[in-house]
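In: Based on what follows, work out the 3D shape:
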Amino acid sequence: MTEAASIRDIFTRNIGTFSPAQQDRLLQSRVTIVGCGGLGGFVLEELARTGIGSIKVSDPDIFAFSNLNRQLFATKKTIGRNKTAAAAKRISTLHNHTTVQAVPTSFQDNSNSLLSDTDVVVDCLDTEASRLELAELCCHKKLPLVHGAVAQWYGQVGVQNVGSDLIRRLYGSLQTPEKTVVSVIVCTVATVASLQVAETCKLLLGIPSPLCDNWMSIDLQEMSFEITGKTI
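Out: Numbering: from 1, shown residues only. Presented below is the predicted three-dimensional model:
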């Protein structure tokens, strides 16, 4: 099997949704994922299966037993391992057309290298303070940011484009202390992560989205999806 035939075979079912030229654009794209837990794991897996060519993923954390309920790369064998290393190993078993750079440190420790040579940043963090900090860095470096957050049955997805202050508008005025432990279930995580992947692909391909400089609130218990007051 030739290299070209291999690419066609792997991503043939993407065609129809994406044109061949769009698929080629995705294969040449570079994405940085910050956080490799619940959201980050699903985002990484889906981006690789979509055919994103180069992905950096940053997280200093290791897998624990409490991650098994919702984090895709948490297994009995990966408990105690760094999340990004386990994730990169998993993606390497899918195909040879996505390169994953595992960065086992926090984004604050290596923001210059982490956010260089990238087209889109995906926020898969779990605290308000870290989201605000990442958003400020993306503003400074003129990078679009795809935001996601989850708790219980509820989720949130938004796109902070270059020059926007979306995350500051969402979190900047919050005065309540952050909880250290929040209930999170896998169906919420997978739903929000999939929406983040869709928005990332739209940004990479220049496809307009109603979430540009906007956000969606998700309630899976009531099955409501709301953008700026409009229920879908």
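In: Just checking the distance from the longest helix seen in the chain to the centre of its chain.
Out: The longest helix of the chain (DSSP state H) is helix 186-205. Helix 186-205 sits 7 Å away from the centroid of its parent chain (CA atoms, centre = their mean, to the nearest Å).
In: For that helix, name the packing helices and strands.
Out: For helix 186-205, the elements it packs on are helix 20-27, helix 38-50, strand 120-123, strand 145-151, strand 154-160, strand 214-219, judged by 3 or more CB pairs under 8 Å, 6 or more residues apart in numbering; DSSP states H and E. Quick note: C-beta positions are derived from backbone N, CA and C, even for glycine.
In: what do you get if the cut-off is 6 Å, keeping everything else the same?
Out: Applying 3 or more CB pairs under 6 Å, 6 or more residues apart in numbering; DSSP states H and E, one finds that helix 186-205 contacts helix 38-50, strand 120-123, strand 145-151, strand 154-160.
In: buried set for that helix?
Out: Under the neighbour-count criterion of 16 or more other CB atoms under 10 Å, helix 186-205 has 188-193, 195-204 buried.
In: Over to stretch 109-128?
Out: 111, 114-115, 118-126, 128.
In: Would you mind measuring from Asn14 to Thr188?
Out: Plainly put, Asn14 is 26 Å away from Thr188 if you go by CB to CB, to the nearest Å.
In: What sits closest to Asp219 if chain neighbours are left out?
Out: Excluding its sequence neighbours, the residue lying closest to Asp219 (CB to CB, 6 or more residues apart in numbering) is Tyr154, at 5.7 Å.
In: and if you look at Asn67?
Out: Using CB to CB, 6+ apart and skipping the chain neighbours, the partner closest in space to Asn67 is Ala74 (3.9 Å).
In: That neighbour belongs to a strand?
Out: No. Counting by DSSP: H, G, I helix; E, B strand; the rest coil, Ala74 falls outside a strand, being coil.
In: re the thing from before, looking at the buried residues of stretch 109-128, which two lie furthest apart in space?
Out: Asp119 and Glu128 (25.6 Å; CB to CB).
In: what's across from Ala151 in the sheet?
Out: According to DSSP bridges, the partner residues bridging Ala151 are Tyr154.
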